[in-house]
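Colleague: Below is the sequence, then the predicted model.
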Amino acid sequence: MNPLTFDRDKPLDFVALGRLCIDLNANEINRPMEETVTFTKYVGGSPANIAIGMARLGMKTGFVGRVADDQLGRFIVRYLQDNQIDTASVLTDRSGSVTGLAFTEIKSPTDCSILMYRDNAADLKLEPQDINEEYLKQAKAILISGTALAKSPSREAILLALHYARKHGAVVFFDLDYRPYSWTSPAETAIYYNLAAEKCDVLIGTREEFSMMERFERNAEEDDETTARKWFGYQASVVVIKHGKHGSIAYTRQGERYPGVTFPAKVVKTFGAGDSYAAGFIYGLMQGWDISRSTEFGAAAAAIVISSHSCSEAMPTQEQIEAYIAKCRNGEIVGS
Ligand SMILES: Nc1ncnc2c1ncn2[C@@H]1O[C@H](COP(=O)(O)OP(=O)(O)OP(=O)(O)O)[C@@H](O)[C@H]1O
Ligand SMILES: O=C(O)C[C@@H](O)[C@H](O)C(=O)CO
């Protein structure tokens, strides 16, 4: 089943908000970054990757965010536009901020890390005045991600966007996307995550991310079902808890539980799995597919992206995902 309904009369399918940055992925892989000499530049940041994934799947997609007034900011906007993403609400920050950089180290397919340069990052300069109610009113669904809550004024801007989305009946997806380097204290993190999550229809996160949000619960059990049930006491109707290569479990407010499959992958690097999974899963739900088919689609999208060098550039089309699933079923693709 699929408990979500989307307002078919709204012209924009999907609007993502928040982080737009640059990934610099090591070209010489399977070694520490000290030995890497060249990197390839891609657009990055979890909500950016998900928006690009949704656009590749043919959804009419927009973005709300701020980029730096520099060459990298302009590169990001051009890349979004080249991918048919509406950038009317992507503003240039002129306060002297810079584009956030994520240098990725790929030591092995299972040992990847990210070296961040995010001091004075433009994406966190998003202001409440940048949130256009008329724009969000046009969206069937919006997506927020946790990093945008890390600092003011971006934090207030996202909370205002949640208010408008609720007011105008958009379905709200929250990809928890917890990046500890963006936050100053665990208590502050949990408080703002909880505040936002209470207003969202679909929560998608890893076990660790949900546990981070439960730091003030008595007897937190780290049990997926208990976690999901807590959110059904607020606005959520679907809660997805991801477990890396062990798959995911989706719970619904109606008490159903859908364990998600995984697909074999020739893993190059693991990051980007969550973003591609989210794009495939949300796309499925927006097509009216049931939850099992949607999680399967997300898992196949993730297998494709982790078998590739980038996150954004590797986001697959519907045809690519369907072909991948078919090849896995025929035994033409086996894991690494
Ligand atoms: N090694 C793997 N092989 C196949 N599928 C995988 C693998 N790792 C992750 N996936 C798929 O991707 C989905 C999301 O992965 P994961 O739980 O690692 O999310 P995440 O931690 O948010 O990812 P990210 O590393 O991008 O932050 C999983 O539910 C699974 O379907
Ligand atoms: O911001 C990060 O932590 C890295 C991102 O730039 C990257 O694209 C990502 O979010 C992958 O999930």
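Modeller: Done, it's in. Ligands and ions are numbered 1, 2, ... in the order given.

Colleague: so which residue of the chain comes closest to ligand 1?
Modeller: As assessed by Cβ to the nearest ligand atom, ligand 1 sits closest to residue 274 within the chain, at 2.2 Å. Glycine gets a C-beta too; all of them are placed from N, C-alpha and C.

Colleague: wait, is that residue part of a helix?
Modeller: Yes. The assignment for residue 274 by DSSP: H, G, I helix; E, B strand; the rest coil puts it in a helix.

Colleague: Under the pLDDT cut-off, which ranges of the protein? List them.
Modeller: Segments of the chain classed as low confidence (criterion: pLDDT under 70) are 219-221.

Colleague: So which residues on this structure come close to ligand 2?
Modeller: Taking Cβ under 6 Å from any ligand atom, the part of the chain that reaches ligand 2 is made up of 21, 23, 44-46, 49, 102, 114, 179, 271-272, 274-275, 311.

Colleague: try 8 Å
Modeller: Within the chain, the positions adjacent to ligand 2 are 19, 21-23, 42, 44-46, 48-49, 100, 102, 104, 114, 116, 118, 147, 177, 179, 181, 271-275, 311-312 by Cβ under 8 Å from any ligand atom.

Colleague: Among the residues you listed, name the ones in strands.
Modeller: Mapping those onto strands (DSSP state E) picks out 21, 22, 23, 42, 44, 102, 104, 114, 116.

Colleague: Give the bridge partners for the third one, please.
Modeller: Beta-bridge pairing of residue 23 under DSSP bridges involves residue 42, residue 102.

Colleague: now it: how far from residue 76?
Modeller: For residue 23, the distance to residue 76 (Cβ to Cβ, to the nearest Å) stands at 11 Å.

Colleague: tell me which residues of the longest helix anywhere in the chain are tucked away?
Modeller: Taking DSSP state H as the criterion, the chain has its longest helix at helix 291-306. For helix 291-306, a neighbour-count test (16 or more other Cβ atoms under 10 Å) marks 291-292, 294-306 as buried.

Colleague: out of these, which touch ligand 1?
Modeller: Of the residues in these, proximity to ligand 1 by Cβ under 8 Å from any ligand atom holds for 295, 298, 299, 302, 303, 306.

Colleague: CSV for those, including distance to residue 6?
Modeller: Shown next, in CSV, are those (distance: Cβ to Cβ, whole Å):
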residue, distance to residue 6
295, 18
298, 17
299, 22
302, 23
303, 26
306, 29
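
Colleague: For residue 265, the count of nearby residues, please.
Modeller: For residue 265, the neighbour count with other Cβ atoms under 10 Å is 25.

Colleague: go on, the one 10 residues further on?
Modeller: Burial of residue 275 is recorded as 28 neighbouring residues (other Cβ under 10 Å).

Colleague: my read: it touches residue 49, true?
Modeller: Yes. Using Cβ atoms under 8 Å, residue 275 makes contact with residue 49 at a distance of 3.8 Å.

Colleague: intersection of neighbour lists for those two?
Modeller: The contact sets of residue 275 and residue 49 overlap at residue 311 (Cβ atoms under 8 Å, 6 or more residues apart in numbering).

Colleague: Which single one of the ones in strands among the residues of the chain next to ligand 2 is nearest to residue 167?
Modeller: For these, the residue nearest residue 167 by Cβ to Cβ is residue 21; the value is 29.5 Å.

Colleague: Drop anything exposed from the residues of the chain next to ligand 2.
Modeller: In those, the ones that pass as buried (16+ other Cβ under 10 Å) are 19, 21-23, 42, 44-46, 48-49, 100, 102, 104, 114, 118, 147, 177, 179, 271-275, 311-312.

Colleague: now the nearest residue to residue 168 once chain neighbours are set aside: how far from residue 304?
Modeller: Excluding the flanking residues, the one nearest residue 168 by Cβ to Cβ, 6 or more residues apart in numbering is residue 137, at 4.4 Å. Distance check for residue 137 against residue 304: by Cβ to Cβ, it reads 34 Å.

Colleague: neighbours around residue 215, how many?
Modeller: Per other Cβ under 10 Å, the neighbour tally for residue 215 reads 14.
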